[in-house]
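[1] no sequence for this one, just the structure:
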């Protein structure tokens, strides 16, 4: 007689299937073959993360963040959805493309991926990726020594500001609500959190 189980028996351990982790060089070869054919990926910890089409709230938040930061830091210092380099130990298996970065000099003066020393602020707009952005991405940016990292929680209408990277972690983390304002480290001005939100 067959017994129907609604879930696996407790005696079965969770099975972790083997999978391939990628390097930047391997991904470059794949891209050159046309294999991705319009699909865009971000390389994080050796995993290819599908940069899925953004929803309208994400698109509007990125646009508003770019416009707000351009008004304070200057348009020639702002780039969005462009790859950056990280700490040397992370570069082999990582090439993140933050939603917005603020450079410490005009982007036209930089001929390769911006290095951590070129970057004064990284912003990730989080609607479906908040946990990933507050853990994995945050650790990568801290290890790179990027002085300031903002995770903009679109759904929660909050800005998580990370500063003081030491030994691979940010020592100072402050949350601001939609009615808050923050003074960036790398340029003058006070940014209204509401001005970044859709």
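    Yes, it's here. As the structure is a prediction and not an experimental result, all values here were calculated from the model.

[2] Okay, strands next: where are they in the chain?
    For the chain, the strands defined by DSSP state E occupy 41-44, 47-50, 78-79, 100-103, 119-126, 148-153, 158-166, 169-177, 181-182, 191-192.

[3] and the fourth one, what does it pack onto?
    Judged by 3 or more CB pairs under 8 Å, 6 or more residues apart in numbering; DSSP states H and E, strand 100-103 is in contact with helix 56-73, strand 78-79, strand 119-126. No exception for glycine: its C-beta is placed from N, CA and C like everyone else's.

[4] in its sheet, what does that strand sit against?
    Strand 100-103 has the following sheet partners, assigned by DSSP bridges: strand 78-79 (antiparallel), strand 119-126 (antiparallel).

[5] Which stretch among those approaches residue 58 most closely?
    Closest of the strands paired with strand 100-103 to residue 58 is strand 119-126, at 5.6 Å (criterion: CB to CB).

[6] What are the contacting residues of the closest one?
    Defining contact as CB atoms under 8 Å, 6 or more residues apart in numbering, one finds that strand 119-126 is touched by 58, 61-62, 65, 69, 84, 98-104, 133-134, 137, 141, 146-154, 184-187.

[7] Which entries within those residues meet the buried criterion?
    58, 61-62, 65, 69, 84, 98-103, 133-134, 137, 141, 146-154, 184, 187 (16 or more other CB atoms under 10 Å).

[8] quick revisit: mean pLDDT and distance to residue 89 added to the strands of the chain, as CSV?
    Formatted as CSV, these follow (pLDDT from 0 to 100; distance: least, CB to CB, whole Å):
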stretch, mean pLDDT, distance to residue 89
strand 41-44, 73, 14
strand 47-50, 74, 17
strand 78-79, 96, 24
strand 100-103, 98, 21
strand 119-126, 97, 17
strand 148-153, 98, 18
strand 158-166, 97, 15
strand 169-177, 97, 15
strand 181-182, 96, 30
strand 191-192, 96, 32
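
[9] how about JSON lines for those, with distance to residue 93 added?
    Shown next, in JSON lines, are these (distance: least, CB to CB, whole Å):
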{"stretch": "strand 41-44", "distance to residue 93": "7"}
{"stretch": "strand 47-50", "distance to residue 93": "9"}
{"stretch": "strand 78-79", "distance to residue 93": "22"}
{"stretch": "strand 100-103", "distance to residue 93": "20"}
{"stretch": "strand 119-126", "distance to residue 93": "18"}
{"stretch": "strand 148-153", "distance to residue 93": "20"}
{"stretch": "strand 158-166", "distance to residue 93": "20"}
{"stretch": "strand 169-177", "distance to residue 93": "20"}
{"stretch": "strand 181-182", "distance to residue 93": "32"}
{"stretch": "strand 191-192", "distance to residue 93": "33"}
